[in-house]
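Undergrad: Sequence plus predicted model, see below.
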Amino acid sequence: MVRVELRNVVRAWEDFRLTIEYLEARDGEFLTLLGPSGCGKTTTLRIIAGFEKPDTGEILFDGKVVNELPPYERGIGIVFQDYALFPHMTVFKNVAFGLEMKRLPKAEIERKVRWALELVGLEGLENRYPEQLSGGQQQRVALARALVVEPDVLLLDEPLSNLDAKIRERLRGEIRRIQRELGITTIYVTHDQEEAMAISDRIAVMNFGKVEQVGKPLELYYRPKTEFVARFLGLSNILELKAKDGKACIGGLCFYVERDGKVRVFFRPESVYVKPGEMAEVVDYELLPGRIRLRLKIGDELILAERFLDELPFSVEELPARVDVDVRSFSILG
């Protein structure tokens, strides 16, 4: 296991600048770089891998600066979005390629390849060619090829984005299982918020070439530090209110805060509880699988509330025109 650090890393082009003051993937950790297209997450991964050099700053593996080391000397395994399999080689040969380049004994290569294929659930498919495999199977081959060399660090660049939703969900669970089983330091790039929440120990949310916030999934989800993180990780309610005597109110809904003056109160729709009453107008609603999303008007503000159907104190057929609202969890942005 290896700790990966980026310190004061800058990579600039004419119209884009990546700036990372400090970012760490801890020993054996699954760290995800999450953000919209063009935010710099893949560039960050390529800098870690050694495919790109930063203009300034240091990349360290276990405290050792590796800026000048080529990718093949950094002890990494990498899985790309497009799989990059050799079409003229069998599954076995694709997985064995890196080991053959190291000129390992034939018996050792066969043992390691069979171990890797079993790890990713492809035993019995050794003699097939990539064109004979499904997209999910091809991605497993790419993962086996990265793992068979027993890297210190595993890097994955949007590895599931070309797969359909059900296969993506199943494979992300497999990747997480394998990572835990091997205890390998893993850095994963995705733009999919649900994917990042499901598999990560910690997430680094990126935007316009900078890291907005790093933390555990639920910490980022319920305690974002910036409006971008709040909005990017899911549906959000953000109210700009004026606090007085430690209390910020709108209509009959009040939030107890630690300072007076202007505050930006943030909370998720599922933190909003409703019951029959007069505080808020039910503007409209949306039925979702097993739950309901309500659009409520309190004073001049609109907020979203989301509840499981069996939690509602009334039936959907008898939805009241007005409700009372209670927000159980909130935070202050900025």
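TA: Everything's here; your move.

Undergrad: contacts, neighbours, all on C-alpha from now
TA: Will do.

Undergrad: so where do the helices sit in the stretch 151-300 of the chain?
TA: 165-182, 193-199, 217-222, 227-232 (DSSP state H, counting those that start in this stretch).

Undergrad: where exactly do the strands run in the stretch 101-250 of the chain?
TA: 153-157, 185-190, 202-207, 210-215, 237-244, 247-250 (DSSP state E, counting those that start in this stretch).

Undergrad: Ok, which of those comes nearest Ile167?
TA: strand 185-190 (15.8 Å; Cα to Cα).

Undergrad: what does that closest one rub up against?
TA: 1-3, 25-35, 41-42, 45, 152-158, 179, 196 (Cα atoms under 8 Å, 6 or more residues apart in numbering).

Undergrad: sorry, back to before: of the helices of the stretch 151-300 of the chain, which is nearest Ile20?
TA: Ranked by Cα to Cα, the member of the helices of the stretch 151-300 of the chain that lies closest to Ile20 is helix 227-232, at 16.8 Å.

Undergrad: Give me the helices and strands touching that closest one, please.
TA: If you count contacts as 3 or more Cα pairs under 8 Å, 6 or more residues apart in numbering; DSSP states H and E, helix 227-232 packs onto strand 210-215, helix 217-222.

Undergrad: Specify the beta-bridge partners of Ile238.
TA: Phe266 (DSSP bridges).

Undergrad: burial count for it?
TA: By the criterion of other Cα atoms under 10 Å, Ile238 has 21 neighbours.

Undergrad: so who does it touch?
TA: Arg264, Val265, Phe266, Phe267.

Undergrad: surely the third one meets Leu333?
TA: Yes - with contacts counted by Cα atoms under 8 Å, Phe266 reaches Leu333, the gap being 6.6 Å.

Undergrad: By residue count, what's the longest strand in the chain?
TA: Taking DSSP state E as the criterion, the chain has its longest strand at strand 272-288.

Undergrad: Tell me the strands beside it, with direction?
TA: Here, using DSSP bridges, strand 272-288 pairs with strand 291-298 (antiparallel), strand 322-327 (antiparallel).

Undergrad: want to throw the ones you listed into a markdown table with mean pLDDT and distance to Asp260?
TA: Listed next are the strands paired with strand 272-288 as a markdown table, based on pLDDT from 0 to 100; distance: least, Cα to Cα, whole Å:
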| stretch | mean pLDDT | distance to Asp260 |
| --- | --- | --- |
| strand 291-298 | 97 | 21 |
| strand 322-327 | 96 | 20 |
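
Undergrad: To Glu212, which of these lies closest?
TA: The closest of the strands paired with strand 272-288 to Glu212 is strand 322-327. By Cα to Cα, the value is 25.9 Å.

Undergrad: Following element in sequence after the closest one, please.
TA: Using DSSP states H and E, the helix or strand that follows strand 322-327 in sequence is strand 331-332.

Undergrad: partner strands of that following strand, parallel or antiparallel?
TA: Strand 331-332 has these strand partners (DSSP bridges): strand 261-267 (antiparallel).

Undergrad: quick one on the thing from earlier: same list (the strands of the stretch 101-250 of the chain) but as CSV, adding mean pLDDT and distance to Ala12.
TA: Shown next, in CSV, are the strands of the stretch 101-250 of the chain (pLDDT from 0 to 100; distance: least, Cα to Cα, whole Å):
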stretch, mean pLDDT, distance to Ala12
strand 153-157, 96, 21
strand 185-190, 97, 20
strand 202-207, 98, 15
strand 210-215, 98, 12
strand 237-244, 95, 33
strand 247-250, 93, 43
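
Undergrad: any chance of the ones you listed in JSON lines, plus distance to Pro105?
TA: Listed next are the strands of the stretch 101-250 of the chain as JSON lines, based on distance: least, Cα to Cα, whole Å:
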{"stretch": "strand 153-157", "distance to Pro105": "24"}
{"stretch": "strand 185-190", "distance to Pro105": "27"}
{"stretch": "strand 202-207", "distance to Pro105": "39"}
{"stretch": "strand 210-215", "distance to Pro105": "43"}
{"stretch": "strand 237-244", "distance to Pro105": "60"}
{"stretch": "strand 247-250", "distance to Pro105": "71"}
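
Undergrad: List the buried residues for the worst-scoring helix or strand of the chain on mean pLDDT?
TA: In the chain, no helix or strand scores lower on mean pLDDT, DSSP states H and E than helix 165-182, which sits at a mean of 90. The neighbour-count check on helix 165-182 (16 or more other Cα atoms under 10 Å) flags Arg168, Leu171, Arg172, Glu174, Gln179 as buried.
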